[in-house]
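Visitor: just to be clear, the model below is a prediction. Sequence and coordinates:
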Amino acid sequence: MKTIDVCLSPDLMHLYNVRDKTVVVVDILRATSCMTTAFAHGIESITPFAKLEECLAMKAHGYFTAGERDGKKVDGFDFGNSPFEYMHESLKGKNIAFTTTNGTQAMVKADGAREIIVGSFLNLSSVEAYLRNGANNVLVICAGWKGKVNLEDTLFAGALVELLKDHIEPDCDAPLAAQHLYNLAKNKLFDFLKDSSHVKRLNRLNIQKDIEYCLTTNLYSVVPVLHNGKLVIA
Ligand code: MLT
């Protein structure tokens, strides 16, 4: 049987070998939810960057730039990190260069994996089917917050472990812990997360509607995959 493991923080990545794995990068609030939304609304590609300057420089190559630090849009960038910004007709067929505090950092750190895909509650079922039908062992990388573990990414990892339990077996204790947590929370995700650190941070920025949206399950069927440094639809 194939295996699934969960890396609860990008700072633990040195413990995992990604070479033979399909890596699912998850940053529920909000980077990977934005990416899923953007592809569902017709974006051509998203190129993830760790550094603000490198991302901003892509403007000169005809890219839209999207950037967030500590949840706030960065000066000089075209877009911030609210999924509602990625629903506009005008973005259809366009290329975006994207940098976020944790989500794109995790993606860059996963470099060298056999395959890197984007997961969120918005495309949960499609990601689950993709992993079930794929040939590779799976590693879910939770973006967390500046190296610290967070609840929402762990819950998403647990959802995948739970949904895949008849096809892919947990490789260690982190997937089991995530699965137990998800089973506790699955019928009340929003409530379960109300005291979590990033929900409190986003509440201070007055963006509760982003949180509710990002916790919506199976709104889209797209699975973004990294190809030559660019995310495109699988
Ligand atoms: C991140 O990448 O850390 C998040 O997406 C931050 C945010 O919610 O803007």
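Guide: Nice, I can see it. All figures in this text were calculated on a predicted structure; none of them were measured in a lab.

Visitor: distance from the worst-scoring helix or strand of the chain on mean pLDDT to the middle of the chain?
Guide: One helix or strand of the chain scores below all others by mean pLDDT, DSSP states H and E: helix 197-204, with a mean of 89. Centroid separation for helix 197-204 versus its chain: 18 Å, with CA atoms, centre = their mean, to the nearest Å.

Visitor: quick check: buried residues in it?
Guide: For helix 197-204, burial by neighbour count (16 or more other CB atoms under 10 Å) applies to 197-199, 202. Every residue, glycine included, has its C-beta placed from N, CA and C.

Visitor: do the same with stretch 157-169
Guide: 157-164, 168.

Visitor: in strands, which of those fall?
Guide: Using DSSP state E, the members of the buried residues of stretch 157-169 that fall in strands are I168.

Visitor: could you save the buried residues of stretch 157-169 as JSON lines and add columns showing pLDDT?
Guide: Listed next are the buried residues of stretch 157-169 as JSON lines, based on pLDDT from 0 to 100:
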{"residue": "A157", "pLDDT": "98"}
{"residue": "G158", "pLDDT": "98"}
{"residue": "A159", "pLDDT": "98"}
{"residue": "L160", "pLDDT": "98"}
{"residue": "V161", "pLDDT": "98"}
{"residue": "E162", "pLDDT": "98"}
{"residue": "L163", "pLDDT": "98"}
{"residue": "L164", "pLDDT": "98"}
{"residue": "I168", "pLDDT": "98"}
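
Visitor: just name the closest of the buried residues of stretch 157-169 to K72, please.
Guide: Using CB to CB, A157 comes nearest to K72 of the buried residues of stretch 157-169, at 26.5 Å.

Visitor: could you report the separation of the closest one from E68?
Guide: If you measure A157 against E68 using CB to CB, to the nearest Å, the figure is 22 Å.

Visitor: quick check: residues of the protein near the ligand?
Guide: Taking CB under 6 Å from any ligand atom as the contact definition, the chain meets the ligand at 27, 29-31, 68, 71, 81, 100-103, 143.

Visitor: C-terminal to the least confident helix or strand of the chain, what's the next element?
Guide: Using DSSP states H and E, the helix or strand that follows helix 197-204 in sequence is helix 208-214.

Visitor: how far off centre is that following helix?
Guide: On CA atoms, centre = their mean, the centre of helix 208-214 falls 15 Å from that of its chain.

Visitor: can I get it in PDB, CA atoms only?
Guide: The C-alpha coordinates for helix 208-214 follow below in PDB (Å, rounded to 0.1, in the frame of the first residue of the first chain):
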ATOM      1  CA  GLN A 208     -14.000  37.000   8.500                       C
ATOM      2  CA  LYS A 209     -15.700  36.300   5.100                       C
ATOM      3  CA  ASP A 210     -12.300  35.000   3.800                       C
ATOM      4  CA  ILE A 211     -12.200  32.500   6.700                       C
ATOM      5  CA  GLU A 212     -15.700  31.200   6.100                       C
ATOM      6  CA  TYR A 213     -15.000  30.900   2.400                       C
ATOM      7  CA  CYS A 214     -11.700  29.100   2.900                       C
END
